[in-house]
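>>> What follows is a predicted structure for the sequence shown.
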Amino acid sequence: MLSYFLRDRSYDSQNLTQISCRERAKNDTFYSYRFVGGYLPSINNEPSFSDYCVRSYIQSTSSISPTFIIKNYDLSQTTYPAWTESRWTTISLRLFIIPARTHEIVTFVIGISLFSISFFALLLLRYYTKISLLQPSSS
């Protein structure tokens, strides 16, 4: 579910089969590929386009104890735990937020306009009031 919501939406328009989606999953280690059936992507509303490949930035690793892999393993032995635990040698986080070019421009224009409005508002306040905000009060 998280892969669907955090997917690469520019990838929705490609009509890939389940086999080609698996091929890309094997060849690409950076992205996660899942073949989804039954839900139309938000970019395409064609009724014939019901299955598609989701490319997302979510990475997952299965963590399973050898207790559940070994056939006829005696659970009274304490060689392996009967629960799963993840062991990380290094803790790292890679977060890439890449906004669209228009989003960057809009954010820049809004920032410059708010700076300008604040600057001129303070100039007007300082000109029309004789109180200096930097001086200590007279009381």
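Structure received.

>>> who's in contact with residue 103?
Contact analysis of residue 103 by C-beta atoms under 8 Å, 6 or more residues apart in numbering lists nothing. For glycine as for every other residue, the C-beta is placed from the backbone atoms N, C-alpha and C.

>>> can you tell me the helix or strand for it?
helix 101-128 (DSSP states H and E).

>>> What mean pLDDT does that helix get?
Helix 101-128 shows a mean pLDDT of 92.

>>> Could I get the buried residue list for that helix?
Buried residues in helix 101-128, counting neighbours by 16 or more other C-beta atoms under 10 Å, are absent.

>>> what about residue 21, how many residues close to it?
Neighbour count of residue 21, defined by other C-beta atoms under 10 Å: 19.

>>> Could I get the full set of helices for this structure?
2-5, 18-27, 101-128 (DSSP state H).

>>> Give me the domain ranges for this structure.
Per the record, the chain has its domains at 2-98, 99-131, by automatic domain parsing.

>>> any idea how far residue 8 is from residue 93?
Separation of residue 93 from residue 8 (C-beta to C-beta, to the nearest Å): 19 Å.

>>> what's around residue 53, how many residues?
For residue 53, the neighbour count with other C-beta under 10 Å is 22.

>>> Surely it touches residue 14?
Yes: checked against C-beta atoms under 8 Å, the pair residue 53 and residue 14 is within contact range at 7.2 Å.

>>> so what's residue 113 up against?
With C-beta under 8 Å, 6+ apart as the criterion, no residue contacts residue 113.

>>> Next, residue 98: phi, psi?
Note on residue 98: its backbone torsions stand at phi -120, psi 100 [degrees, to the nearest 10].

>>> any idea of the pLDDT on it?
What the model reports as pLDDT for residue 98 is 75.

>>> what do you get for residue 53?
On the pLDDT scale, residue 53 is placed at 79.

>>> now do residue 6
The model reports residue 6 with a pLDDT of 64.
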